[in-house]
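# I'd like to go over a predicted model; first the sequence, then the structure.
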Amino acid sequence: MERQDESDDELFGGASRRDGAVEPGSPALACERSCSPQRKVSGTMRRNDNYLPVAGEEKNMDVDFINTDAMSNESIPMKNLYADEGSPLYSRLGPYFTDGRRRVDYVLAYHIQKPSSIRRQPSRFGDNGFIHRLRRSMSMRSSRAPLQPKEDPEIAAQEQRTDYNENDKRFRRDEFEENLLETGLQLEKDEGSKIPGIGFLKVHAPWNVLCREAEFMKLKMPTKKVYEVKQGSNVVEKIRLFIHKVTAPLHPKVDANRPQSVKPLSHPFSREKQHLFDLSDRDKFFDSKTRNSIVYEVLKRTKCTRAKYSMGITSLLANGVYTSAYPLHDGDIEGVNAEANDRKLLYEEWASYSVFYKYQPIGLIRKYFGEKVGLYFAWLGVYTQMLIPAAIVGVIVFLYGCATVDGNIPSMEICDPRNNITMCPLCDRACSYWKLVTACGTARASHLFDNPATVFFSIFMALWAVLFMEHWKRRQMRLNYIWDLTGFGEEEEEEHKDHNRAEYEFRVMKKTMRQDNSTPKGEKVKLTCTDRMPAYLTTVVMMGFMILVTFAIVFGVILYRISIKAALHMSTSTVARSNIRATVKTTAAIINLIIIIIMDEIYGAIARWLTTLEVPKTDKNYEERLIFKTFVLKFVNAFTPIVYLAFFRGRLVGRPGSYLYVVGSYRMEECAHAGCLMELCIQLCITMLGKQLIQNNLFEIGIPKLKKLLRRRKSDLEEEVNKTLQRHEKDHMLGPFTGLSPEYMEMIIQFGMVTLFVASFPLAPLFALLNNIIEIRLDAKKFVMELRRPIAAKAKDIGIWYNLLRGLSKVAVIVNAFVISFTSDFIPRLVYQYMYSVDGTMHGFVNHTLSYFNVSDFQPGTDPIQPMHLGYKVEICRYKDYREPPSSSTPYELSKEFWAVLAARLAFVVVFQNVVMLMSDFVDWLIPDIPKDISLQIHKEKILMVELFMKEEQGKRLAARDNHNLDNFASHSSANRSSPRARSRPAAQDVVWENEHHEREANGSPVYRV
């Protein structure tokens, strides 16, 4: 019987091969399976005979791609495609079919529900008869299985609906898989896996499909033509090469990361021009990343059309027909049987903490994960590298503050006990008068961050941000050249990336079903603005509400600070009363951190829900909308407490005797005498460290491991069984890849903290640098070990994230100008020194900034309960403000010093902003976006490509001319045989022909011998 099947297969295979012979460039190649009825019938008969052809000719390098439809006599019975553990073909645990030769390019997983008696029955990808037989058998089975007496009818009805659901999903899968076979893909099922309840469909793309799709997708592939890459001769390139040689020990031991002396010309793949490409090893011509992306494009293009509405792979995944779809990792990382592969090399040279000091293997990352992931890690590497000089300068500024704190005159005046300055109470009733000398520690600590060097550091960081953006643009252009992305246009990007999302197709399907009778035939149904209007209104209302929630939470923390300060002042414990300011600041900052971390997760979920509610049409639209919503909510969440401390605290207070109250009797809090900069620094420090240690690193380590452990426990797999799993089964246990948006968002928020308020916290770049060194290895380990392999996506830049970075760098200049001018005491010190100081020094500055208040002017019920707390009766107390004294004709009004300081502050903001912006624009203009050597190499590539095609066209013309001459020579020879008089003329023609032959041979043109 088996021999008969083989003979039938050869018979039908031969018929299909004869019918399917197509010349190169023929339109039939684009639909070689769907346009030929004979071919379709023969293919169906072959599938019904339970055989799936093996493309044996893929191993034969001498066969042209046109003949790849001519299948070899080898074929694998369909029953073996249900992988059996005892099968000899099952010995190889790598990403291959059971024959050990055909590579698994993609895997679709689905739920299976079947009794053990039919577990090993073969599947038939085939015609409608199979589905009809299956439906008939299912109906017969249901009619023969009446309800049991003890069974609940409602439960039985639910089970019947579930069975019908599963059957419907199976019919969808059968149709989809049949359509995949029609496209030329080869399939293999594995429903006997060690993961209970999960079946796998393995997909392999043969050579002819790869060539066809590569041509459709216009994939750039390397040609045989190579040219020498000459390094630039200018000073910048020489410095770059010198740094590269000096840092050679820091580069990973990866060939893909080393600079190339020669580079092949790349050209969009064409089946008609195969002779231009190096096809000596077809197995390696399309790497695994390219194969995966090709199969993914075919999957997205394939539809189920037998139902009322069409369903693609996204809709099938959304409706649970398939539970997951993913490409496979190259192999194992650990273990005795782990073969050498790119994934293992990435683990050793990138994802290991022992190589934290080395550069990243960006070339290998791009080769394995694709350009989009490669660009993210390249950007993260450039950002981390640029943080090194910023961290060094920040540490120097901090050390300068430490070195000059003992010589700071205002701090010395505050700490001098001889200055018997009595300050007004910090709160009503509970707080009493206090001595300014008790704020000595806060004043000395404030000088560490509030000194003249912080102004220089703010200007430096503004220029640093511009240099970072310019450096990244140049690095990005260099990567585009190396990765052959210079010609990657917007049209190609839109064509290959923007496909309808599953949710959009599902909503269109529901709208189609509702409007089935009213919609004219041929009119395409789509979602309009009217359909999305409720979602848009919900988004606006929810976004506004969430921002108000953030403000309310910050206001709640303000009330906590006010109340806890009053409670500590009323405490009888000397320990509690000794360090009230530090206790209130630290606990409030920790509460803010906890709230920020919790609300970040909530806001992320709300942003995803709102974006899903809008039903964007494409993945690109979905990603951009999600990024915008998430960025707005998380930015407001992270920076609202910091903005309040920097610009609002201490300015909405009032004065003694006329304070500003909120929520009844809560008096707005004041800044310390040295300003609010110290509190701002504490808030930034705790927020940065907390977010990086808890939210970023701990969550990225703990949560993925916990999810992986839960998945293993859910599948009841033991450790010994896990080691024997197939590659597709192991990857199914990994977490799905959810995109790069969380990684980018984390770094964008950090970039904001590094640049926006750097004047108040010079150590921010250092903390960011230390975090990023760990972050790179954490992300690397996550991508290599914890996540499924992402689909390789092409991208020539980082997209909307660059615009966000550029916007933040511009806003940072304005914010730092206001921080220096209004939050710190830099401007009041300058005004005092050059306008009011007697000797031009800072002596007397503290007394100059303090106003007088007569305690008899307190409002009733606001004076201290213990007025004799200091041991004597206080009649005049001091407070920090520029106001007239009580003896003035206009008591407690703003003094002329206040207006002078305010004018100086506003003038500083204007001058600082314009000077720094001008310097930034000058640096931007001075540094070209494209390195000179790269622009020369791109120009050289274009010239060489033109020469290559001109030479090819010249060869074609000469070949046609030679063929014409051959025809003429043959006709003359026949004429000379009949006419003896003309015998001398062919001899002369032979001489001319031979001369032409030698000339063409010397020029390298095609030669045809006669």
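Happy to help now that I have it.
# Can you pull up the most central residue in the chain?
Centroid check for the chain by C-alpha atoms, centre = their mean gives Leu740 as the closest residue, at 2.1 Å.
# you'd agree it is up against Glu371?
No: taking contacts as C-beta atoms under 8 Å, Leu740 lies outside contact range of Glu371: 11.9 Å. To be clear about C-beta, it is placed using only N, CA and C from the backbone, and glycine gets the same treatment.
# sorry, back to before: and the pLDDT at the residue nearest to the centre of the chain?
At Leu740, the model reports a pLDDT of 89.
# Quick one: residues contacting it.
Residues in contact with Leu740 (C-beta atoms under 8 Å, 6 or more residues apart in numbering) are 372-373, 376.
# mind exporting stretch 766-777 as PDB, just the C-alpha atoms?
Written as PDB, here are the backbone C-alpha positions of stretch 766-777 (Å, rounded to 0.1, in the frame of the first residue of the first chain):
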ATOM      1  CA  LEU A 766      26.200  59.500  38.200                       C
ATOM      2  CA  PHE A 767      23.100  57.600  39.500                       C
ATOM      3  CA  ALA A 768      21.800  57.300  36.000                       C
ATOM      4  CA  LEU A 769      25.100  55.900  34.700                       C
ATOM      5  CA  LEU A 770      25.300  53.300  37.500                       C
ATOM      6  CA  ASN A 771      21.700  52.300  36.800                       C
ATOM      7  CA  ASN A 772      22.200  52.000  33.000                       C
ATOM      8  CA  ILE A 773      25.300  49.800  33.400                       C
ATOM      9  CA  ILE A 774      23.100  47.300  35.200                       C
ATOM     10  CA  GLU A 775      20.000  48.000  33.000                       C
ATOM     11  CA  ILE A 776      21.800  47.100  29.800                       C
ATOM     12  CA  ARG A 777      22.700  43.600  31.200                       C
END
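# Check the offset of that stretch from the chain's centre.
What separates the centre of stretch 766-777 from the centre of its chain is 18 Å, taken as C-alpha atoms, centre = their mean, to the nearest Å.
# buried ones in it?
Using 16 or more other C-beta atoms under 10 Å as the test for burial, stretch 766-777 gives 766-769, 771-772, 774-777.
# Select the longest strand from this protein.
Taking DSSP state E as the criterion, the chain has its longest strand at strand 220-228.
# want to throw the contacts of Leu740 into TSV with distance to Glu875 and pLDDT?
What follows is these, written out as TSV (distance: C-beta to C-beta, whole Å; pLDDT from 0 to 100):
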residue	distance to Glu875	pLDDT
Lys372	72	91
Val373	71	92
Tyr376	66	94
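# What ranges in the stretch 301-450 of the chain fall below the confidence cut-off?
Residues of the stretch 301-450 of the chain meeting the criterion pLDDT under 70: 307-310, 335-338.
# What ranges does it have for its helices?
Ranges of helices within the stretch 301-450 of the chain are 313-318, 342-349, 362-369, 371-404, 409-415, 440-449, based on DSSP state H, counting those that start in this stretch.
# Tell me if I'm right that Ile748 and Leu808 touch.
Yes: assessed by C-beta under 8 Å, Ile748 is found in contact with Leu808 at 7.3 Å.
# Now the residue nearest to the centre of the chain: phi and psi?
Backbone torsions for Leu740, taken as degrees, to the nearest 10, come to phi -100, psi 0.
# repeat for Phe200
Torsion angles, degrees, to the nearest 10, at Phe200: phi -130, psi 140.
# Which residue lies closest in space to it, excluding its sequence neighbours?
Of all residues not flanking Phe200 in the chain, Asp190 sits nearest, at 4.5 Å (C-beta to C-beta, 6 or more residues apart in numbering).
# what residue ranges in the stretch 901-1010 of the chain score low on pLDDT?
Scanning the stretch 901-1010 of the chain for pLDDT under 70 picks out 967-1010.
# redo that, cut-off 90
Scanning the stretch 901-1010 of the chain for pLDDT under 90 picks out 913, 916-917, 919-1010.
# State the helix or strand in which Lys263 lies.
Using DSSP states H and E, Lys263 maps to strand 262-268.
# Tell me the strands beside that strand, with direction?
Strand pairing for strand 262-268, determined by DSSP bridges: strand 220-228 (antiparallel).
# Correct me if wrong: Pro790 contacts Gly735.
No: if you go by C-beta under 8 Å, Pro790 and Gly735 don't touch, sitting 11.3 Å apart.
# Show me which of these two is the more surrounded one.
Pro790 (21 against 14; other C-beta atoms under 10 Å).
# could the contacts of Leu740 be laid out in a markdown table, adding neighbour count and distance to Pro327?
As requested, those are exported to a markdown table (neighbours: other C-beta atoms under 10 Å; distance: C-beta to C-beta, whole Å):
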| residue | neighbour count | distance to Pro327 |
| --- | --- | --- |
| Lys372 | 21 | 14 |
| Val373 | 21 | 13 |
| Tyr376 | 21 | 18 |
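# Out of these, flag the one nearest to Val915.
Within these, proximity to Val915 (C-beta to C-beta) peaks at Tyr376, which comes in at 34.2 Å.
# How about the contacts made by the closest one?
Contact analysis of Tyr376 by C-beta under 8 Å, 6+ apart lists 740, 743-744, 798.
# how deep is the residue nearest to Asp330 when sequence neighbours are not counted tucked in, by neighbour count?
Closest residue to Asp330 apart from its sequence neighbours, by C-beta to C-beta, 6+ apart: Asn341 at 4.0 Å. Look at Asn341: counted by other C-beta under 10 Å, it has 18 neighbours.
# Just confirm Asn341 contacts Glu348, I think it does.
No: contact status for Asn341 versus Glu348: not in contact, 11.0 Å apart, counting by C-beta under 8 Å.
# Can you tell me how far Arg649 is from Ile642?
Computed as C-beta to C-beta, to the nearest Å, the Arg649 to Ile642 distance reads 11 Å.
# go on, Gly544?
As for Gly544, its distance to Ile642 is 21 Å (criterion: C-beta to C-beta).
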